[in-house]
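Engineer: No letters, just coordinates:
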């Protein structure tokens, strides 16, 4: 039957699931040292947007290609992100020594900053994996995309919040599911959301190149 053909719908879905599991395992292992998590997440997104576009090489080859090429920039930016997270956690801890009113205001401010940071991260690693820019320009572009595509940004943030909530609330018996797809699955859903954004940006860049070539 055609459904069981190698390029049939069933085999395509099964292959996609297998690739996501492999990608998740690699990403988790490379995130363990913490310092390498930025490069690991960048490589994961490199594989994911290729997967969404149904192009590219094997998961293993694409992952390590991106990991090596973007390691320095992704790691430097990630260390900055870790510093910001550390400051937010420290400030949250200090609210225990404040008055009730001041603590409430501080917690709201920290929550807003944490939310903005999460929004920013939705574009940061995909941008590093996709385009060659300075670290400063990449960070600025990520901020611009938040405002320009807020509905998609909120959708991506929701994917990770739901993923985190399930990890926090479900029993340890469900941990194997996280190991199999806790990062790659929400990442894939996010790739479906940001892929049209990148395609639009690439279309604009192509038009500019054509105009520059014609002048």
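Structural biologist: Okay, I see it. Everything numeric here is computed off the predicted structure, so don't read it as measured data. Numbers count the residues shown, from 1 in each chain.
Engineer: How about stretch 137-151, which residues are buried there?
Structural biologist: Using 16 or more other Cβ atoms under 10 Å as the test for burial, stretch 137-151 gives 138, 139, 142, 145, 146, 149. (C-beta placed from N, C-alpha, C; glycine too.)
Engineer: Please apply the same query to stretch 114-126.
Structural biologist: Of the residues in stretch 114-126, those buried (16+ other Cβ under 10 Å) are 119, 120, 121, 122, 123, 124, 125, 126.
Engineer: Going by distance to residue 50, which of the residues you listed wins?
Structural biologist: Taking Cβ to Cβ as the measure, residue 126 is the one of these closest to residue 50, at 11.4 Å.
Engineer: what about the residue lying closest to that closest one once chain neighbours are set aside, how many residues close to it?
Structural biologist: The spatially closest residue to residue 126, leaving aside those adjacent along the chain, is residue 45, at 4.5 Å (Cβ to Cβ, 6 or more residues apart in numbering). Counted with other Cβ atoms under 10 Å, residues neighbouring residue 45 total 26.
Engineer: Tell me who's in contact with residue 45.
Structural biologist: Shown in contact with residue 45 (Cβ atoms under 8 Å, 6 or more residues apart in numbering): 125, 126, 129, 130, 187, 191.
Engineer: mind checking how far the fifth one is from residue 13?
Structural biologist: To residue 13, residue 187 is 18 Å away according to Cβ to Cβ, to the nearest Å.
Engineer: For those two, indicate the residue with more neighbours.
Structural biologist: The residue with more neighbours, out of residue 187 and residue 13, is residue 187; 27 against 10, by other Cβ under 10 Å.
Engineer: Disregarding flanking residues, what is the spatial nearest neighbour of that one?
Structural biologist: residue 48 (5.3 Å).
Engineer: The helix or strand containing the one you found: what's the following helix or strand?
Structural biologist: Per DSSP states H and E, residue 48 falls inside helix 37-52. Note on helix 37-52: by DSSP H and E, the next helix or strand toward the C-terminus is helix 59-94.
Engineer: Which elements pack onto the helix or strand just after that next one?
Structural biologist: Counting by DSSP H and E, the next helix or strand C-terminal to helix 59-94 is helix 100-130. Contacts defined by 3 or more Cβ pairs under 8 Å, 6 or more residues apart in numbering; DSSP states H and E place helix 100-130 against helix 37-52, helix 59-94, helix 135-148, helix 150-169, helix 184-214.
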